[in-house]
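> Build the 3D model from these lines:
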Amino acid sequence: MDVEAYKAILSRLLPKTGQSICYQAGDDGTYEAGWWKGKLNLGNKVRFISKTVGSDVIVIDRATGLIWAADGNASGCKSDADSFSDCIIYAEGLTFAGFSDWRVPNIKELVSLLDYGISGLRIKQPPFSNTTTERRYVSSTTYIEATTYCYGVDFIDGKIYSGVKTDNVWVLRCVRGGL
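This is a model prediction of the structure:
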């Protein structure tokens with residue numbers, strides 16, 4: 001594999017943060033590093049592709065290759081607060097959009113949906129709809145310093161948090177491995 005092909009693969013692995021305004025020379029808005037490098041390509045790349053499969057709506061993330069449940073109120077998501085274990089059981093038993101290999105995303109996958117270029121809810125709407133603002137989204141990643149805790153993301157403030165796995169406080173947006 002040549003160097004340019006390798007660089008192209010690496011540039012796809014990390015999505016952009018969403019910051020497109022330069023507040024100080026050299027900040028994230030200056031370079032907009034990540035998937036689809038360079039401001040000149042901004043208009044010809046769409047990161048999230050929404051598809052309807054039967055009556056289910058999914059989102060294909062072209063930056064990561066992951067497929068997400070689109071609607072926070074549909075069966076590909078769990079909008080009622082639940083425990084970490086119940087979220088895992090739900091995801092692994094889910095058949096949605098013709099697939100049965102859904103799972104709880106790990107923390108890096110969940111964080112990849114954050115968009116720091118928008119204020120308010122820090123996830124693109126559309127294509128992601130009905131994202132709850134009342135709870136944190138669970139990840140499958142355990143907090144190593146206290147293994148009774150897991151990581152989660154708050155799409156309001158764009159931060160990562162940890163919380164007790166057994167508390168019925170988590171909501172879920174299911175994901176499946178890529179294309």
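
> Let me know the pLDDT of residue 10.
We note a pLDDT of 47 for residue 10 in this prediction.

> Just say helix, strand or coil for the closest residue to residue 33 other than its chain neighbours.
Excluding the flanking residues, the one nearest residue 33 by Cβ to Cβ, 6 or more residues apart in numbering is residue 16, at 7.0 Å. The C-beta positions use only the backbone N, C-alpha and C, and glycine is treated the same way. For residue 16, the secondary structure call by DSSP: H, G, I helix; E, B strand; the rest coil comes out as coil.

> Check whether residue 16 really touches residue 29, as I assumed.
No - under the criterion of Cβ atoms under 8 Å, residue 16 makes no contact with residue 29, lying 10.4 Å away.

> hang on, the earlier thing: if I look at the residue nearest to residue 33, how far off is residue 127?
16 Å (Cβ to Cβ, to the nearest Å).

> Now do the helices in the chain.
3-13, 28-31, 84-92, 107-111 (DSSP state H).

> Quote the end-to-end distance of stretch 59-69.
6 Å (Cα to Cα, to the nearest Å).

> Can you give the distance of that stretch from its chain's centre?
8 Å (Cα atoms, centre = their mean, to the nearest Å).

> in stretch 64-72, what's buried?
64, 66, 67, 68, 69, 70, 71, 72 (16 or more other Cβ atoms under 10 Å).

> Closest one of those residues to residue 140?
Residue 140 has its nearest neighbour among these in residue 66, at 13.2 Å by Cβ to Cβ.

> Please report phi then psi for the closest one.
phi -80, psi 150 (degrees, to the nearest 10).

> quick one: it and residue 175 touch, right?
Yes - using Cβ under 8 Å, residue 66 is in contact with residue 175, at 5.3 Å.

> overlap in contacts of these two?
Shared contacts of residue 66 and residue 175 (Cβ atoms under 8 Å, 6 or more residues apart in numbering): 105, 109.

> Name the helix or strand of this protein that has the lowest mean pLDDT.
Within the chain, no helix or strand scores below helix 3-13, which has a mean of 51 by mean pLDDT, DSSP states H and E.

> In the chain, what residue spans correspond to strands?
Using DSSP state E, the strands of the chain run over residues 48-53, 56-61, 67-69, 77-82, 136-142, 149-154, 159-164, 170-173, 175-176.

> other SSEs contacting the fourth one?
The reference is to strand 77-82. helix 84-92, strand 170-173 (3 or more Cβ pairs under 8 Å, 6 or more residues apart in numbering; DSSP states H and E).

> show me where pLDDT drops low in this structure?
Within the chain, the ranges that satisfy pLDDT under 70 run 1-13, 35-44, 178-179.
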